[in-house]
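*Asks:* sequence plus the predicted model coming up.
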Amino acid sequence: MFCDPRHRRLANMSETDWSDVGISELPTGTVTLLLADVEGSTRLWETQSDEMTAAIAHLDQAVSYAIAAHDGVRPVEQGEGDSFVIAFARASDAVACALDLQRAPLAPIRLRIGVHTGEVRLRDEGNYIGPTINRTARLRDLAHGGQTVLSGATEPLVVDRLPDGAWLTDLGTHPLRDLPRPERVVQLCHRDLRNEFPPLRTPSTVVAHNLPAQLTSFVGRQAEMNRLREALIGGRHVTLTGAGGVGKTRLAVQVAAELAGQFGDGVWYVDLAPITHPGVVPVTVARALGLPDQPGRSTMETLLRFIRDRHMLVVLDNCEHLLDASAGLVVALLGGAPRLTLLATSREPIGVTGEATWRVPSLSLADEAIELFADRARLAQSDFCMTDDNAAAVAEICRRLDGIPLAIELAAARVRALWLAEIVDGLHDRFRPLTGGARTAVRRQQTLRASVEWSHGLLTETERILFRRLAVFLGGFDLDAAQAVAGAGAVERYHVLDQLSLLVDKSLVVAENTGGRARYRLLETVRQYALERLAESGEADAVRARHRDHYTAMAALLDTPARADYEPRLDQAETEIDNLRAAFAWSRENFRCRTRVGAGVIAAAAMAHTRPHPGGTRLVRHRPHRGEHAAPRRGGRGARPSTRRQSRPPQLGRRRRQHGSGRTRPGDRPRTR
């Protein structure tokens, strides 16, 4: 691949100190620059450190040979980490060098290479500065691993002097980050190289990584979005606080998506709502980032090694029930990753140094709340429109609901069955103060509770029974689980699908398409209300027992690896890990866990918690505490959710000894919109 004389001359070039390169060798005037880096190098170092050590040594040697073979010069200091810069007096030499580097056997390394020609300026005797090197760097950033892109300025200089077997493909004109003038881009192709790549990584096509898809339009909040963007650009940790249903999650996801292009390593979303044990918080973050377990390292060590050099935004959603664990995570991540920015949502501040708290207000009653109602009402009834005749009624609905988005959406869903005046009357009759003196019982939560309670009042008796039984699921459920757990007595199994569909229509259950199958969940605020109804029904123990039995049967199948469907069962168990944990915790804490069935669920679910997944993710065992799935020590109505922070078990225990089953604070720990 390289000519022998130059090989001999540079036989030991990989050990060269580039500060020894003669200053007179650095070309000036019109120069062609080659900038390259390794795609995903941080992840490769974290996951394949031994292979990367050998690959980098091969890369050093390949770069040394290529520079010598094609009359290139490497500046003294420019290039950081795994990136490097080479300067050429002739553009054709730069292209030939790029081709040699891409053809070199460097696995698992894949190089991104940009080549641009322009007038250069010297920063000092051995380094460049100015627009040409900046444009070359931005050009390289467009490429994928294994891809070489040339600027429109370089193309005419090399089109008639390409290496054998090489050709150029026009990729069009694209914007370059932070540069006012777009650039025409061509790709260097060769029969020995991969020539098909995804679209260039232009600023307008930056992927927002794992942010949840939004299936409805985002309404209003332009002023809040502008202020939040400024807060995130100027600080490293912002926490959105506010009542349940006020729209913390939706606002965080919307702003994160818009800022994705400003974070070179992307935006990542972590949902803590289904997590009940503080020890699982770091594991949840690692799973969201796609990190496998690494033997000999704690989960936090794995997270820090992955994040520490990355420029990224992480959204931590629903932290309020895991404040101490969230605080520890935030302090560790921000302390070990100087380029990390965190955006959290919680009902109250996380309480760490440097945290900027930002309370999410209700929607403006003058316009935003009305616009949201009208938009969601059109989804429920396609011919709905705002008129002079109904404007006053819509404004009154929004006023009574204090502009809270979740409450407005629940009310808007009723236009399919009720006149607006009936919706107003229904809300008027159901405003009642919350009981129990909970410190979170602010006015917005009372209004939200009124909306949920009113929606519940519109259900038939069969729908109410199914609704409260579905509250035992954590992290969602499928139709089979709903039929097994909720299909009994007044709700036969064959009734479940029809009744579940009605609850979806009434916006009390969310239906999602997951891998071609329907999966359901209750919004967290709605689920808390349903848990109260379940506790009052007297059937909580029976429903939780069926929940336990269903997931025990699922976990037990994992103990027979010879089964033909073992791999799909592992995938199913990972999807249902939150329900497996819930069944395990309830059986362990329930006073009947000494029975044969109780012991079975403990053994089977514990096995499901500890068996590794083939892809590297471990279904993690955690030590359950007395929480929402724990039975009361006296009485037969089943436990109500704990209101204590789960990271403080001694306080939890004292409070339960004083108050027995521990009444849920209405609207506690919602799934925000």
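*Replies:* Ah, there it is.

*Asks:* so where's the stretch 151-300 of the chain shaky on pLDDT?
*Replies:* Low-confidence segments of the stretch 151-300 of the chain, defined by pLDDT under 70, span residues 203-209, 243-244, 292, 294-295.

*Asks:* what segments of it are helices?
*Replies:* For the stretch 151-300 of the chain, the helices defined by DSSP state H, counting those that start in this stretch cover 155-158, 222-234, 248-259, 281-288, 299-307.

*Asks:* quick one, the last one and helix 281-288 angle?
*Replies:* An angle of 40 degrees separates the directions of helix 299-307 and helix 281-288 when computed by axes from the mean of the first three to the mean of the last three C-alpha atoms, to 10 degrees.

*Asks:* tell me what helix 299-307 is packed against?
*Replies:* If you count contacts as 3 or more C-beta pairs under 8 Å, 6 or more residues apart in numbering; DSSP states H and E, helix 299-307 packs onto helix 41-47, helix 281-288, helix 323-336. Bear in mind the C-beta positions are built from the backbone N, C-alpha and C, glycine included.

*Asks:* can you tell which of the helices of the stretch 151-300 of the chain is closest to Thr353?
*Replies:* helix 222-234 (16.4 Å; C-beta to C-beta).

*Asks:* buried residues in that closest one?
*Replies:* Glu224, Leu228, Ala231, Leu232 (16 or more other C-beta atoms under 10 Å).

*Asks:* out of these, flag the one nearest to Ala421.
*Replies:* Proximity of the buried residues of helix 222-234 to Ala421 (C-beta to C-beta) peaks at Glu224, which lies at 32.0 Å.

*Asks:* how many neighbours does the nearest residue to that closest one once chain neighbours are set aside have?
*Replies:* Sequence neighbours aside, Leu251 is the residue nearest to Glu224 in space, at 6.6 Å (criterion: C-beta to C-beta, 6 or more residues apart in numbering). Neighbour count for Leu251, taken as other C-beta atoms under 10 Å: 25.

*Asks:* which elements pack onto the longest helix seen in the chain?
*Replies:* Scanning the chain for the helix with the most residues, using DSSP state H, yields helix 49-69. Taking 3+ C-beta pairs under 8 Å, 6+ apart as contact, the helices and strands that helix 49-69 lies on are helix 4-9, helix 41-47, strand 84-88, helix 91-103.

*Asks:* export stretch 53-63 as CSV, just CAs?
*Replies:* Extracted C-alpha coordinates of stretch 53-63, given in CSV (Å, rounded to 0.1, in the frame of the first residue of the first chain):
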residue,chain,number,x,y,z
THR,A,53,-4.9,-0.4,22.9
ALA,A,54,-3.7,-2.5,20.0
ALA,A,55,-5.8,-0.5,17.5
ILE,A,56,-4.4,2.8,18.6
ALA,A,57,-0.8,1.5,18.2
HIS,A,58,-1.7,0.4,14.6
LEU,A,59,-3.3,3.8,14.0
ASP,A,60,-0.1,5.6,15.1
GLN,A,61,1.9,3.5,12.7
ALA,A,62,-0.5,3.9,9.8
VAL,A,63,-0.6,7.7,10.3
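
*Asks:* mind listing what's buried along it?
*Replies:* By neighbour count on 16+ other C-beta under 10 Å, the buried set for stretch 53-63 is Ala55, Ile56, Leu59, Gln61, Ala62, Val63.
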